[in-house]
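Enquirer: what's the 3D shape of this:
(chains A, B, C and D)
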Amino acid sequence: MKRKLIHHLFRALTGLCALASCAILAGIVASIVMRGWSALNWDFFTQQIALVGASGGIFYNVIGTLILLATAFVVCTPLALGFSIVHSVYLRDSHWRGKLTLLLYLLNGVPSILFGIVGMVIFVQVLGWGKSWLAGGILLGLMILPTVSVTLIERIGSLPIKYTEAAIGLGLRKSQIIRSVILPQSIGGLITGLMLGLARAAGETAPIMFTATIFAGASIPGGIKESPVLSLPYHIFILAQDSYDPAVKAKLWGSALVLIILVLGLSLVALPARLKIHEEANHA
Amino acid sequence: MLEPILQTSELSVSAGSKKILNPVSLDIPEGGVFGIIGPSGAGKSTFLKSINRLTELSNGLKVSGQVYHRGDPVYGVGVDTDNLRSRIGMLFQQPVVFPCSILANTLFGVRHLGKVPRKEWNNVAEKALREAALWEEVKDRLKKPGQQLSVGQQQRLCLARTLATGTDVILMDEPTSALDPRSTEAIEGLILDLKETHTIVLVTHNMRQTERVCRTVAFIGLRDKVGTMLATGKLTDLQTKCCEIPELEDYLCCELTEPIPKAKAC
Amino acid sequence: MTKSPLILFAFLPAVFALLLSACGESPENPEGGKKVSALKINGSTTVNLPVAEAAEVMRERTGKEIQVDTQGGSSGGISMLGEGLVHLGMASKSLSDEDRKKFPECDFNEIQIGADAVALIVSKDVWSGGKTTITKKEMAGIYEGNITNWNQIGGPDQRIAFFNKEPGRGTWEVFAKWAYGSAGDTPQASFPEVGGNEETRNKVASTRGALSQLSASWADGKTVFALSVKTEDGKLIKPSGENIATGAYPMSRPLFVLSDGDPSGDAREMINFLLSIEGQKIVRKHGYLALADLSK
Amino acid sequence: MTRSALNPSCRRWSITLILSWLFTGVALAAVVGGLGLLLIESAPAWKHSGFEFVIGKKWFFRQSEFGAAPMIYGSIIVAILAMILAAPVGIGAAIFGVEYLPRKWRLGLKVTVELLAGIPSVVYGLLGILLLRNWIYEVFQDFDPLSGDTLLTAGVLLGLMILPTIMTLADDALRGVPGTLRLAARGLGLTATETALHVSVPQAFPGLLAAVLLALGRAMGETIAVFLVIGRQDNQWPSSILSLKPLLESGQTLTSKLGGSETNIAYGQPLHWGAIMGLGLVLLSLVVIITLTGAWLQRISFRQHQQHS
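Expert: Below is the predicted model:
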C-alpha cells in the first residue's frame, strides 16, 4: 500500500537524520578520545607547558581558562540578574520588553570575533591594559549575557503566580518581593543559564585571542594591566598551526580532550534543569 | 438484539504502575447511540480513545485486553491502526479545525486516505456537510478559513470531516461541553439523525442529553480511585440500580439539579 | 521582613570585581610608567621556538615570569615593541625602513641570535616528478599567474597549488625581497594563505602539486622537500647550513630578538642567555644555524 | 506572568531597583558602546572608499585598496552551503524526535544534540584541518580541486557545527504545534507521516524557517573553524554566482579575515584599521539582518500557535 510505504520511507529517512546527529557526536568524541587519551596523565594536568608544547602539561592553560570563566561568571551574574529583573518585573510596557528581548536575540547573534576586535580597541588600546585576563573575562561575560538572561527570564516567567500573589497579600513592596520570592525561586534558572553560558565561553577562542590570552609564559595573573593568561582553546588554536614536533600532536589532542570534558561537563550540569524547563514550557 | 459492532473484552488502561481503568467488557450494538456517563476523571475519555487506539499517541498509557470491531481484533500485531481510525471516527470536546479552508477541512481525511477518486471529492464534501447540517450555512464560502466559523459550526465541521471519511462508528467525547445551548441542541439533533446510519458512542456529562439521545448507557465510576465500569443498561434501569451502587447514586444526585420525572428518589 | 542573603550573594560578584579593579590598578603602576613584573616577548613563530624554550629554562632558574606569544608573526613583534606593549620582539627578517618609520619613537635594536633560510618547499609528487630546482623567473611566473602547471617548468603534469605565507610573516617578507626587491613591489596577487609553520608543512604535504615558502629547518625531506634555487648563471644552491652560513643561498635570513634601545634587566638576561653556549644549543636544536655556524 | 500580579502603583526607590537598572544600563551601554566604536573606528575606511568598500572586488592593503565584496560573497556562500547541508538533516532529526519517537527516547536524542552543541569551534577546527580537508580533497578528486582548503570544506565543517542549533530550534518549533491538531489528524486515520507532513510541518513552518535563519546567522559569525580550513585566499570572485566550481576553490570570509594576521598588521594605522573595523561592521549588519528576520518569523510562529491553543 502506497501510504504505508511513504510512511515507512519517511520515518526511516528522518530516523537516519537523527541517527546521523548522534553518530556525529559519537564520531567527534571518539576520534578525540582515541587520539588524546594517551596524553592524559597526572603530569599533563600538573606541569606547565614545556618545549613549546611538545613536553610538559597544560596546568596553566587549565588555570587560565578557569580564571577567564570565573571572571565571566562574576561579570555576567549581576548584569543578567539586573537585566532579567528589569525585563520581567520593572518594565510595565510590553513594547519595551519586546525591544529588550530582541536586543538579547541580537546580542546572542553577534559573532564572537567582533567581541574580540572591539574588545581589543577598548581594553588594549583605549584603556591600555595590554592583554589582560580581566578584559577576556568581561568580554566572555558580555558574550554569554543573552544565554544566561534568557534562561533566567524563562524561569521567572514560569513561576507560579500564587507565590507573588501571596507575597502581595502580605503587603510586601515590589523590591521585597523580588528579594524574598522571585530571586530565591529562580536562582536555579540563573545557575542553569550560567553553566550553559560558561560551557560556551570555555571553548571560545575568537574573543580572547586579541585581548586576554598568550601562548606561553603566563601563570597566575598578579594585576590587571599586562596580565594575560594561558588558555586551552588558544593553546589548541596555535598548536594546530605551529607544532614543530610530532610529540606535540599527542599533547594537542590531549588538550582538545580536556577542553571537551570541561565543556561537556558544564553542559551536563545544566542539562537536567534545562530539559525540565523546556518540557514544562511546552506541556503547560 | 443486533450483532454488536464493537465489543470490548477486559479492556484496561494503566499509566506506568498506576491503574487508570479497571477491565471493561462491553458489547456495543450496531446503530443507535451508546452513552457513557460518569464523574470527571473516571477514565471515560481514555476508554473512548482506547477503542480506536488513540491512547497510543499519549505518552505512557498502556492498554491491555481486547476490542473487536465487527468481530476483528483491534489490538494485535499487523492491525492497520490508521485504517481502523478512518473507520472509527472521533469527535473531541473542543472542535479542532485545521488552519485551512472549510472545504479543505472537510476533505482533510478523504484527501489523504485515497479511498475516493479526486473527481468525487466535491460530492463527498457536499454530502458530508449536508449530513452535518452545515451545508446551507457555508456553501457560499467554502474557500474561507475554517477558523472563522463559530464554535458550534466548527464542531459540526469536525463532524462533517469525520463523516466524509466514510466512518461507520463515531466516538464522541463530550462534543457539546464547549458549546452554548443552541449549538448543543443542533448537535443533539444531528446525533439523533445520524444514529439511523451510524453507530455513535457518546461520552457525556449531561443527563438530559443522555436521556434524549442514548439507547443504552454504561456508567464508569471511580472505585478506589480507579475508573471502573459499574453498571450498564437503559438509563431508566440504571436509575433503579441507584441504591445498590453508591457511586452511581452520588453521581446521579449530584448531576441532576432537578430530578428527572421518572427517577426514583434515592 | 529580613533581607534575603541571596540578593547579596547575587550582587556581591560585581562589588568584588569593582574592588579588584580599583586595587589592581594602583599598586601595579607605582611609578606611573609601563613597569610590569613579567618579561614580555612577542613576534615571529620561527624565532619563537628557541626563545620559548630558552624562556622555559630561564623561568626555571630565576623564577621570573617570562611571557612569550606569537601574535601576528614578525610584524606583530615589531609593532608591539614599537608601541611599547612588549619588552622584546622576535623577527625572522631584517627591519625595513618602513618598519622604523612606522614607530619613530622606538629605537629598534636588532640582536641576532641565529640564522635560517626561507626554503621553497614542494610536495612529494612534485619532488619525485623531477622538479627539484627553481629559478627566480619561474617563481615570479608562478606568483604572477603565468605559470600554473608544473609541466611548464620541467615538472610533472600537475597544477601548481601555491600557498602564500600570510602578510606580516617574516618568511613572506624574505621571500618578497628575494623575488621582487621589496614587499611593496610585489605584484597584486592573491593565493590561499597559510600562517604557522606546521600549518604550512601540513597543507603542502597533503596537497598534490603544492608549493610554499617555509623556514628551511622545517623542510624535513620526508613530507615536504626544499627546492634548490637555480641562479642565472646556472648554479644550483641548496638551502643547506653551509649555504646559509656563507650567504650563498639567496633567501638566508638572520633571526632577531629586538629591543627598544639597549636592553636592560630581565631582557638583558634573556638575551645573554640566548647568546650563551647553552642558548645557542637550543637555537641549533630547532634546526637553525647558531651564530658560531655563521662565522665558520 | 509574574508582573501582572504585582501592584504597578507602588514603585519606590530601593537598592534592588537601583542595582537592577544600573546593571541593565551597563549592559546596554556596552552594546551601544561597541556599536559606536565600530562606527567611529571604521570611519576612515568609509571616507576613503565610500560605498566602494562594500561592492569593491579588490583588497590589497599595501596599495590601500579596500573592497569587501569577495569576503561578503565568501561569508554568504559558506553559510548557505552549511545551511543546505545542515537544514534537511537537522529538521529531519527534529521531526523524527517529535513525531515518531517516544518521549523517553526523544529526551535521549535531545541530550545528544545539546552536548553536540557544546563542542567548541576550535575543536571543529582541529578536526577540520587534520581530517576533513584531506577527506574533501580525496573525495572530490575528480573535480580537480587545487587543495583541500575550499569553500566547500568550510561549508561542510560549518554545517556540522550548526546542525545542533537547527535541530534544537526546529524541535522547539515542532513541539509548539498543539497536540490536539495532531490527535485530530490521527483520529481521521492519517498516518504519522501524513500528520507530520500535512499538519505539523505547515503549522511550524515559520518557526522552522526561523531556525534555519538563526543558524545561518550563527554560521556567518563563526571564525576559528572556518579560519583553519577555508584557505584565506583574498579577491576570489566567482565568474558566475550559479557556478558550483568556485566552491572547490579557496576563499575568504569576513570572519577569517578578521581573525587573520591583517588585524595585527593594521593595528595602529588608521586607514587599514578602519578597513578592518569596516569589515566588522559589514559582518554585524549581515548577521543582524538575518537574526532580525529569524526573530520576526519566530514571533509569527508563536502568535499562530497562541491563537490555536
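
Enquirer: what does the residue of the stretch 201-309 of chain D found nearest chain C show for phi and psi?
Expert: The stretch 201-309 of chain D approaches chain C most closely through residue D:264 (2.8 Å), counting by C-beta to the nearest C-beta. Where C-beta positions appear, they are placed from N, C-alpha and C, glycine not excepted. The phi and psi values for residue D:264, taken as degrees, to the nearest 10, are phi -80, psi -40.

Enquirer: kindly report the same for the one 3 residues further on.
Expert: Backbone torsions of residue D:267, given as degrees, to the nearest 10, read phi -50, psi 120.

Enquirer: which residues are in contact with it?
Expert: Listed by C-beta atoms under 8 Å, 6 or more residues apart in numbering or on different chains, the contact set of residue D:267 reads A:120, C:72, C:79, D:273.

Enquirer: just to check, the residue of the stretch 201-309 of chain D closest to chain C is in contact with residue C:71?
Expert: Yes. The pair residue D:264 and residue C:71 passes the contact test of C-beta atoms under 8 Å, sitting 5.8 Å apart.

Enquirer: comparing these two, which residue is more hemmed in?
Expert: Using other C-beta atoms under 10 Å in any protein chain shown, the more surrounded residue of residue D:264 and residue C:71 is residue C:71, with 26 against 22.

Enquirer: spatially nearest residue to residue B:97, not counting backbone neighbours?
Expert: Leaving aside its chain neighbours, residue B:97 sits nearest to residue B:146 (4.3 Å; criterion: C-beta to C-beta, 6 or more residues apart in numbering or on different chains).

Enquirer: what's the burial count for the one you found?
Expert: So residue B:146, with other C-beta under 10 Å, has 24 neighbours.

Enquirer: tell me if I'm right that it and residue B:158 touch.
Expert: No. Using C-beta under 8 Å, residue B:146 is not in contact with residue B:158; the gap is 9.2 Å.

Enquirer: list residues touching both of the two?
Expert: Listed as contacting both residue B:146 and residue B:158 by C-beta under 8 Å, 6+ apart are residue B:97.

Enquirer: using CSV, write out the CA atom coordinates for the helix or strand harbouring residue C:243.
Expert: Applying DSSP states H and E as the criterion places residue C:243 in helix C:241-246. Provided in CSV are the C-alpha atoms of helix C:241-246 (Å, rounded to 0.1, in the frame of the first residue of the first chain):
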residue,chain,number,x,y,z
GLY,C,241,73.5,25.0,6.5
GLU,C,242,76.7,25.8,4.7
ASN,C,243,75.0,27.9,2.0
ILE,C,244,73.0,29.8,4.6
ALA,C,245,76.2,30.4,6.6
THR,C,246,78.1,31.7,3.6
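
Enquirer: which neighbouring elements make contact with that helix?
Expert: Judged by 3 or more C-beta pairs under 8 Å, 6 or more residues apart in numbering or on different chains; DSSP states H and E, helix C:241-246 is in contact with strand C:108-123, helix C:291-295.

Enquirer: quick one: closest of the ones you listed to residue C:166.
Expert: Of all these, strand C:108-123 sits nearest to residue C:166, with 14.1 Å by C-beta to C-beta.

Enquirer: quick one: mean pLDDT for that closest one?
Expert: Averaging pLDDT along strand C:108-123 gives 94.

Enquirer: got it, and stretch B:65-84?
Expert: 89.

Enquirer: and that stretch, which residues are buried?
Expert: B:65, B:67, B:68, B:69, B:74, B:75, B:81, B:82, B:83, B:84 (16 or more other C-beta atoms under 10 Å in any protein chain shown).

Enquirer: same check on stretch C:175-186?
Expert: C:175, C:176, C:177, C:178, C:179, C:180, C:183, C:186.

Enquirer: next one: stretch A:70-78
Expert: Those buried within stretch A:70-78 under the rule 16+ other C-beta under 10 Å are A:71, A:72, A:73, A:74, A:75, A:76, A:77, A:78.
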